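*Asks:* Build me a structure from this.
(chains A and B)
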2 protein chains.
Amino acid sequence: MAEINHRIGIAGSASDIYHALTTDEGLARWWTTDTSGAGEAGSIIRFRFGGGGPDFEVVELIPDSLVRWKHSGDVPPAWMGTVITFRLEQGEQQTYVRFVHANWTEASDFMAHCSTKWGVFLLSLKAAIETGSGRPFPRDIHIDHDE
Amino acid sequence: MAEINHRIGIAGSASDIYHALTTDEGLARWWTTDTSGAGEAGSIIRFRFGGGGPDFEVVELIPDSLVRWKHSGDVPPAWMGTVITFRLEQGEQQTYVRFVHANWTEASDFMAHCSTKWGVFLLSLKAAIETGSGRPFPRDIHIDHDE
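*Replies:* A predicted model of the protein is given here:
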């Protein structure tokens, strides 16, 4: 199994970051403006990018500490069975966000694309918390000329 | 073994990107301005970031197609034994850069940090080619508040 790893440090509280990972309004500030369904464990979050997009089931929540989603539905196919975990860790002058997108069947070109793109969106999360202005879809930073 | 994967698409020729990966002047435009030693296979490239920094031996070069480095020296310790590969692939309207930093002993927090940071530097490479203005160290984009 292959996986994507990232780690950033955000000058903000774990509580504010947790809110940005667990509510429609918060998620819309950094991943995609078209987000719905976020809630307690068992809820299905629908992320849409100009029409289509993935669904995730919220499978574990520890307030201000951990958020875990399991991919739900069938797009994109390579994401089926994958699990995304955000761990929040309080540092002295920042809160670290440790991100893992695990259970990929192979380290494909598409996985590599998603790895870079997750980095961009995590920096969007950082900007949303620190400056109030993230870069969610459709204002996201493009990493190639297919987007 | 754990690894970092990325993929970006650059509106530029494979030749221009290969130059940016295989010459001191080219590498200084996107990774660190303090780069020396780049050359044919067997050469040791010294990347410095305000004093210290890693050395890499160039182990394989295929013009306009592949660049492979093996970490050489002892900083940072977690990079010992790791191998970095850049593969260039011509698309219709862009050249794809497929990046792998392989042979990590574990998916540590430091590896996750480097994963995000490599994404930032690859976008710096993209900007250097497309706009003429990359973000090499010390003008690099910070991903946490330890840098």
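*Asks:* Write out the residues of chain A neighbouring chain B.
*Replies:* A:2-11, A:93-94, A:96, A:98-100, A:107, A:109, A:111-113, A:115-116, A:119-120, A:122-123, A:126, A:141, A:143-146 (Cβ under 8 Å from any Cβ of the partner chain). In short, each C-beta sits where N, CA and C put it, glycine included.
*Asks:* and the nearest residue to A:Q94 once chain neighbours are set aside, bridged to which residues?
*Replies:* In this structure, A:Q94 finds its nearest non-sequential neighbour in A:G9, 4.0 Å apart by Cβ to Cβ, 6 or more residues apart in numbering or on different chains. Beta-bridge pairing for A:G9 (DSSP bridges): A:Y96.
*Asks:* got a list of what A:G9 touches?
*Replies:* Applying Cβ atoms under 8 Å, 6 or more residues apart in numbering or on different chains to A:G9 gives the contacts A:G91, A:Q94, A:T95, A:Y96, A:V97, A:K126, B:I143, B:D144, B:H145, B:D146.
*Asks:* go on, A:A107?
*Replies:* A:A2, B:E3, B:N5, B:V100.
*Asks:* Tally up the residues packed near the second one, please.
*Replies:* Summarising burial for B:E3: neighbours were counted as other Cβ atoms under 10 Å in any protein chain shown, giving 19.
*Asks:* so where does it fall, helix or strand?
*Replies:* Secondary structure from DSSP states H and E places B:E3 in strand B:2-10.
*Asks:* how near is A:A28 to A:M1?
*Replies:* 30 Å (Cβ to Cβ, to the nearest Å).
*Asks:* Looking at those two, which one has more neighbours?
*Replies:* Neighbours were counted for A:A28 and for A:M1 using other Cβ under 10 Å; A:A28 has more, 20 against 10.
*Asks:* returning to what we had before: separate out the buried members of the residues of chain A next to chain B.
*Replies:* Buried by 16 or more other Cβ atoms under 10 Å in any protein chain shown: A:2-10, A:94, A:96, A:98-100, A:107, A:111-113, A:115-116, A:119-120, A:122-123, A:126, A:143-144, out of the residues of chain A next to chain B.
*Asks:* Show me the helices in chain A, by range?
*Replies:* A:14-22, A:24-27, A:109-131 (DSSP state H).
*Asks:* Let me know the pLDDT of A:S133.
*Replies:* On pLDDT, A:S133 comes in at 98.
*Asks:* correct me, but A:A38 touches A:T22?
*Replies:* Yes: in this structure A:A38 lies within contact range of A:T22 using Cβ atoms under 8 Å: 6.0 Å.
*Asks:* shared neighbours of those two, anything?
*Replies:* With Cβ under 8 Å, 6+ apart, A:A38 and A:T22 have common neighbours A:V58.
*Asks:* sorry, back to before: average pLDDT for the strand holding B:E3?
*Replies:* Here strand B:2-10 scores 98 as its mean pLDDT.
*Asks:* okay, the angle between that strand and helix B:14-22?
*Replies:* Counting by axes from the mean of the first three to the mean of the last three Cα atoms, to 10 degrees, strand B:2-10 lies at 140 degrees to helix B:14-22.
*Asks:* Thanks a lot, catch you later.
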